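K.L.:
from the sequence below, what's the structure:
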Amino acid sequence: MTTDAIAETVKVPRKRIVAIDAARGAALLAMASYHFTWDLEFFGYAPAGLTEFGGWKLYARGIASSFLFLVGVSLVLAHAHGIRWKGFWKRMAMVVAAALAITVATYFATPSAFIFFGILHQIALASLLGLAFLRLPGWATLAVAALVIAAHHYLRSPFFDHPSLWWVGLSTIPPRSNDYVPLFPWFGAVLAGMAATKLATSAGLLAWLADRSLLPAARPLELAGRHSLAFYLVHQPVLIACVWLAAQVWPAQVASLETGFTNSCEASCLELRDVDFCSRYCVCMLDALHGDGGLDKLSKADQTADFKRHVGDLAAQCTASTDRGISGGTVQ
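P.N.:
Next up, the predicted model:
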């Protein structure tokens, strides 16, 4: 299919749609609120595991999904009339450079959980792969998006457990990273954004949005959305510096390893089981990890594949033991 045919299939407005910039700015604001909470947890002002489970985990996934959805929207808006290679490679170079900077910075700041494939890495790869889907109809793009998202649940294999393949997202053991946004399932959000844009164009919604102006109160969001990469790179160093400065004046009370592990364990467990089970299960896990020095390894982020399998074996044993204890009416 030629460039003209692509433009004929997806007649997107050439005028900038400020509502999309504002939506991107709102996502940036939500991301900053999440990162600020993460910073409070990192410095001990919030309970360990707070941002990893429950509502905060869903909040983080919603933010990441919205960003990637908007990447798909922007990809269609920018290139449906023909791929603008000069602009594409310029933007790609900026994103790749920023992603590499994040990797290097986090490797030195938090080497045990550095960001090797975070949202910027995903945006770079997804932007390149997304070009192959520009010519697909909206419904077909949406179908592929569903398959990409579903693949994460059905195609995971030990074959992908090697660190060189972690970026794919199909490993059986999730790697440790402060921001892990692999190809599967997250590329599905980009494809969903592309599909939605094509379908919205066909329905005339984008043309309608292009003629709309923002309320004055939304202008700061539009400005942030226009400069999303700069905002992303700057906001977290500023936030973490502010919390660090506060910690020098009002340091948080340091929790013991046992308390931190128990809080995190119970927060994770309560997503699936009740309070009675989780309190017993986490005591069992704490005792088991104490017995073989595993708690110290967890605190030092010793996250080798063998150690993760060992922790998984302990979890299975404690789950069985706790279930037997509850059914038998005894305390484990």
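K.L.:
what is the strand or helix carrying residue 91 packed up against?
P.N.:
Take DSSP states H and E as the rule and residue 91 turns out to sit in helix 85-109. The elements that helix 85-109 packs onto, with contact taken as 3 or more Cβ pairs under 8 Å, 6 or more residues apart in numbering; DSSP states H and E, are helix 54-79, helix 119-130, helix 228-249. For the C-beta atoms, the positions are set from N, CA and C on the backbone; glycine is no exception.
K.L.:
show me what the helix or strand that contains residue 31 packs onto, helices and strands only.
P.N.:
When elements are assigned from DSSP H and E, residue 31 belongs to helix 18-42. When contacts are defined as 3+ Cβ pairs under 8 Å, 6+ apart, helix 18-42 packs onto helix 54-79, helix 219-226, helix 228-249.
K.L.:
distance check, residue 178 against residue 37.
P.N.:
Counting by Cβ to Cβ, to the nearest Å, the gap from residue 178 to residue 37 is 13 Å.
K.L.:
got it, and residue 245?
P.N.:
On the measure of Cβ to Cβ, residue 245 and residue 37 end up 17 Å apart.
K.L.:
look at these two and report which has more neighbours.
P.N.:
residue 37 (18 against 9; other Cβ atoms under 10 Å).
K.L.:
ok, now which ones touch the more buried one?
P.N.:
The neighbours of residue 37, taking Cβ atoms under 8 Å, 6 or more residues apart in numbering as the test, are 46, 50, 51, 56.
K.L.:
can you check residue 253 too?
P.N.:
Taking Cβ under 8 Å, 6+ apart as the criterion, residue 253 is in contact with residue 44.
K.L.:
can you check the pLDDT for it?
P.N.:
At residue 253, the pLDDT value in this model is 80.
K.L.:
how about residue 3?
P.N.:
At residue 3 the predicted local distance difference test score is 41.
K.L.:
ok, now residue 233?
P.N.:
92.
K.L.:
any idea how far residue 193 is from it?
P.N.:
Following Cβ to Cβ, the distance that separates residue 233 from residue 193 is 22 Å.
K.L.:
these two: which has the busier surroundings?
P.N.:
Neighbours per residue (other Cβ under 10 Å) separate residue 233 from residue 193, with residue 193 holding more: 26 against 14.
K.L.:
straight-line length of stretch 159-171, end to end?
P.N.:
7 Å (Cα to Cα, to the nearest Å).
K.L.:
list the buried residues for that stretch?
P.N.:
Neighbour-count burial for stretch 159-171, with 16 or more other Cβ atoms under 10 Å as criterion, is recorded at 160, 161, 166, 167, 168, 169, 170, 171.
K.L.:
tell me the contacts of the fourth one?
P.N.:
What it means is residue 167. Residue 167 sits next to 116, 117, 121, 125, 182, 183 when contact means Cβ under 8 Å, 6+ apart.
K.L.:
could you measure from the first one over to residue 125?
P.N.:
Spelled out, it's residue 116. Remark: distance between residue 116 and residue 125 (Cβ to Cβ) = 13 Å.
K.L.:
those two - which one has more neighbours?
P.N.:
Neighbours were counted for residue 116 and for residue 125 using other Cβ under 10 Å; residue 125 has more, 21 against 18.
K.L.:
pretty sure the more buried one is touching residue 184, no?
P.N.:
No. Contact criterion Cβ atoms under 8 Å: residue 125 and residue 184 do not qualify, at 11.4 Å.
K.L.:
let's verify residue 174: helix, strand, or coil?
P.N.:
coil (DSSP: H, G, I helix; E, B strand; the rest coil).
K.L.:
show me what contacts the closest residue to it other than its chain neighbours?
P.N.:
In space, and not counting its chain neighbours, residue 174 is closest to residue 180: 7.2 Å by Cβ to Cβ, 6 or more residues apart in numbering. For residue 180, the contact set (Cβ under 8 Å, 6+ apart) comprises 115, 117, 118, 174.
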